[in-house]
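Peer 1: Give me a model of this one.
(chains A and B)
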Protein chains: 2
Amino acid sequence: MAVDLSPIDENLLATISGLHGMPNGAFNIRRNGELVERHSSAFIEIATKEGVPGIDIKIKPGTRGETVYIPVIVTQAGVKDVVYNTFYVGEGSDVTIVAGCGIHNAAHEQSQHDGIHEFFIGKGARVKYTEAHYGEGPANGTRILNPVTKVHMAENSFCEMDLSQLEGVTSTKRETEADLAEGAKMIITEKLMTHDEQFAESNMLFQLNGDDSSVQVVSRSVAKDESRQVFSPLVVGNAACRGHVQCDSILIGNGKVKSVPAIEANCEDAILMHEAAIGKIAGDQIIKLQTLGLTEEEAEQEILDDFLS
Amino acid sequence: MAVDLSPIDENLLATISGLHGMPNGAFNIRRNGELVERHSSAFIEIATKEGVPGIDIKIKPGTRGETVYIPVIVTQAGVKDVVYNTFYVGEGSDVTIVAGCGIHNAAHEQSQHDGIHEFFIGKGARVKYTEAHYGEGPANGTRILNPVTKVHMAENSFCEMDLSQLEGVTSTKRETEADLAEGAKMIITEKLMTHDEQFAESNMLFQLNGDDSSVQVVSRSVAKDESRQVFSPLVVGNAACRGHVQCDSILIGNGKVKSVPAIEANCEDAILMHEAAIGKIAGDQIIKLQTLGLTEEEAEQEILDDFLS
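Peer 2: Numbers count the residues shown, from 1 in each chain, chains lettered A, B, ... in the order given. Below you'll find the predicted structure:
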């Protein structure tokens, strides 16, 4: 690898973005608030933002089959990194964007990364976006991740988002917003796991403004130990649209979850639905796996892995 | 009929409580903020409250098969009637309570009734409670009903509540709260219909504090014309309990509905679920009834009646 990455850096990058070495095509790797390496491609230009920290990712109309990687890692304790990234996805393009943040905090101080991501998705464009959050280090170090995601979807665009918090994040406050024009379609999946004394809050707002727009929200979470989670997704139907929200949470130990999915119909032709469930793993599921030779702990882990995969 | 009831009074009483003439057993009929007639029975004592307007309804332990009627009617414009009714339901009893409020407001002024009802349901007691709200009069008269319902359920008690707003209520803010001890079980159904420029807000809080307690919440609503509705039921599981919330709303014309059912699990052994849907009547349902000879309007009314029955 050309640039100076430590084994800790490489492990974080692999965990949050599946990267082993530098990727092909366009990418931007940020570490401890500074640029490590950047590449633009013929169709995707990455430029330093003016005025605030962050980058502009400009994807030309008609770009197809390219992947952009923009991972962030924090390995110094005491760092508070705030970054503003704006994505301009040209009309008719079809791209994959891989973001994510990994924090390795070996000290007992606080490390924080707040990524503010805004997307302008052009007419008929298709985006697949994945973002993984991960922390590691001693239990008394504090790792904070407060992502903000704003998505503006033009006519007939499509966006699939997979947002996940793998483990090790002490505290997170997640804000996600999207507005959808006519025929735009969004599928968003959020998967969170909290443990120890961790806290997670996720607020989402989807404005279905155009006829034939639709959003499907899937939220899955596992709250272990003494951790707490609060979910508040809201889908607003302002046109002849469809919205569906599904929130499922599993409690392990003293985990606590509050789930407040809201739907608001302001148009007679809006069809909105939500469903939510909170509970522990059913005993018979554990027993079934135990009869196949797994211990109780292995059976539990198997079920959780499947739930969050 | 012994007491002085006008045809308007009689019609309101029949609509909200199914009464035709004075009932048998215990009852209390209130009109324009004043007592019309009251009866206590051998097992059910109705007494005027001290300090605030209202009555105490004391049901002796072991009372079985009795029905108490406590309807309220308002026929004067400009009346604001606030009443505090407290129900003490003795251990092991099994009773039916019929409440309700009808407003006939022939003028263009405001008439308002706020009924604050509190229930202490003893161990093993069973209560069936129905409450209907209804208004009539010219569209520019204002009829306001703000009911507050608080229910305290002792071990192994059972309570079934049917709350409905039939029509003609300009504005309502409904507050419902219940706390359930071990083995207590509640089934609550709320049915609301709003039309014209009406507004309805319903907030509910259910605290499942005892093991094996359970609550089932069914909310059904129809929002017609320019009316608006907001629903916020919250079920909190603090023990090995079960909670289920189901909210379904139908939009007609420019009706608007926001539904925010929340579940909060503070115990690993709590099992909580909710589901909600908002939409208009499916076209194929209308067509099916039209093929049976109904007009479009008749078909729509048939479907709504069935939904709210």
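Peer 1: Okay, A:Ala42 and chain B: tell me how far apart.
Peer 2: 47 Å (Cβ to the nearest Cβ, to the nearest Å). C-beta: built from backbone N, CA, C; applies to glycine.
Peer 1: Sorry, slip of the keys, the one I care about is A:Gly18.
Peer 2: 33 Å.
Peer 1: What is the burial count for the nearest residue to that residue once chain neighbours are set aside?
Peer 2: Leaving aside its chain neighbours, A:Gly18 sits nearest to A:Val98 (7.3 Å; criterion: Cβ to Cβ, 6 or more residues apart in numbering or on different chains). A count of nearby residues for A:Val98, using other Cβ atoms under 10 Å in any protein chain shown, gives 21.
Peer 1: Close to chain B: what parts of the stretch 201-309 of chain A are there?
Peer 2: Within reach of chain B by Cβ under 8 Å from any Cβ of the partner chain, the stretch 201-309 of chain A has these residues: A:234, A:237, A:249, A:251-280.
Peer 1: residues touching the closest residue in space to A:Thr48 that isn't next to it in sequence, list them.
Peer 2: Distances taken as Cβ to Cβ, 6+ apart put A:Ile55 closest to A:Thr48, at 6.2 Å, once the chain neighbours are dropped. Residues near A:Ile55 by Cβ atoms under 8 Å, 6 or more residues apart in numbering or on different chains: A:Asn28, A:Arg38, A:Ile46, A:Ala47, A:Thr48, A:Lys49, A:Ile70, A:Val83, A:Asn85, A:Thr86.
Peer 1: cool, and A:Tyr129?
Peer 2: Contacts of A:Tyr129 (Cβ under 8 Å, 6+ apart): A:Thr96, A:Ile97, A:Val98, A:Ala99, A:Phe119, A:Cys159, A:Glu160, A:Met161, A:Asp162.
Peer 1: Model confidence at it, what's the number?
Peer 2: Looking at A:Tyr129, its pLDDT is 97.
Peer 1: Show me what it bridges to in the sheet.
Peer 2: Residues in a beta bridge with A:Tyr129, per DSSP bridges, are A:Ile97, A:Met161.
Peer 1: any idea how far A:Gly100 is from it?
Peer 2: 11 Å (Cβ to Cβ, to the nearest Å).
Peer 1: gap between A:Asn11 and A:Val169?
Peer 2: Counting by Cβ to Cβ - A:Asn11 and A:Val169 are separated by 16 Å.
Peer 1: Looking at these two, which one has more neighbours?
Peer 2: Per other Cβ under 10 Å, whichever of A:Asn11 and A:Val169 has more neighbours is A:Val169, with 23 against 16.
Peer 1: How is that one assigned, secondary-structure-wise?
Peer 2: coil (DSSP: H, G, I helix; E, B strand; the rest coil).
Peer 1: gap between it and chain B?
Peer 2: According to Cβ to the nearest Cβ, A:Val169 and chain B sit 21 Å apart.
Peer 1: So which residues of the stretch 101-250 of chain A form strands?
Peer 2: A:110-121, A:126-136, A:142-145, A:148-153, A:158-167, A:171-180, A:185-194, A:199-208, A:214-223, A:228-237, A:242-251 (DSSP state E, counting those that start in this stretch).
Peer 1: Which elements pack onto the helix or strand bottoming out on mean pLDDT in chain A?
Peer 2: For chain A, using mean pLDDT, DSSP states H and E, the weakest element among its helices and strands is helix A:283-290, scoring a mean of 83. The contact analysis (3 or more Cβ pairs under 8 Å, 6 or more residues apart in numbering or on different chains; DSSP states H and E) places helix A:283-290 against helix A:296-308.
Peer 1: List of residues touching the helix it packs on?
Peer 2: A:164, A:191, A:193, A:220, A:222, A:248, A:250, A:252, A:281, A:285-286, A:289-290, A:294.
Peer 1: buried ones in it?
Peer 2: Neighbour-count burial for helix A:296-308, with 16 or more other Cβ atoms under 10 Å in any protein chain shown as criterion, is recorded at A:Ala299, A:Glu300, A:Ile303, A:Leu304, A:Phe307, A:Leu308.
Peer 1: how deep is the residue lying closest to the first one once chain neighbours are set aside tucked in, by neighbour count?
Peer 2: Leaving out its chain neighbours, the residue that sits closest to A:Ala299 by Cβ to Cβ, 6+ apart is A:Leu289, at 3.7 Å. By the criterion of other Cβ under 10 Å, A:Leu289 has 18 neighbours.
Peer 1: Next: A:Ile271.
Peer 2: 20.
Peer 1: list the contacts for A:Lys49?
Peer 2: Contacts of A:Lys49 were listed using Cβ under 8 Å, 6+ apart, and they are A:Ile55, A:Asp56, A:Tyr84, A:Asn85, A:Thr86.
Peer 1: Could you work out the most separated pair of the residues you listed?
Peer 2: A:Asp56 and A:Tyr84 (9.3 Å; Cβ to Cβ).
Peer 1: where does the stretch 51-200 of chain A dip in pLDDT?
Peer 2: Within the stretch 51-200 of chain A, the ranges that satisfy pLDDT under 70 run A:139.
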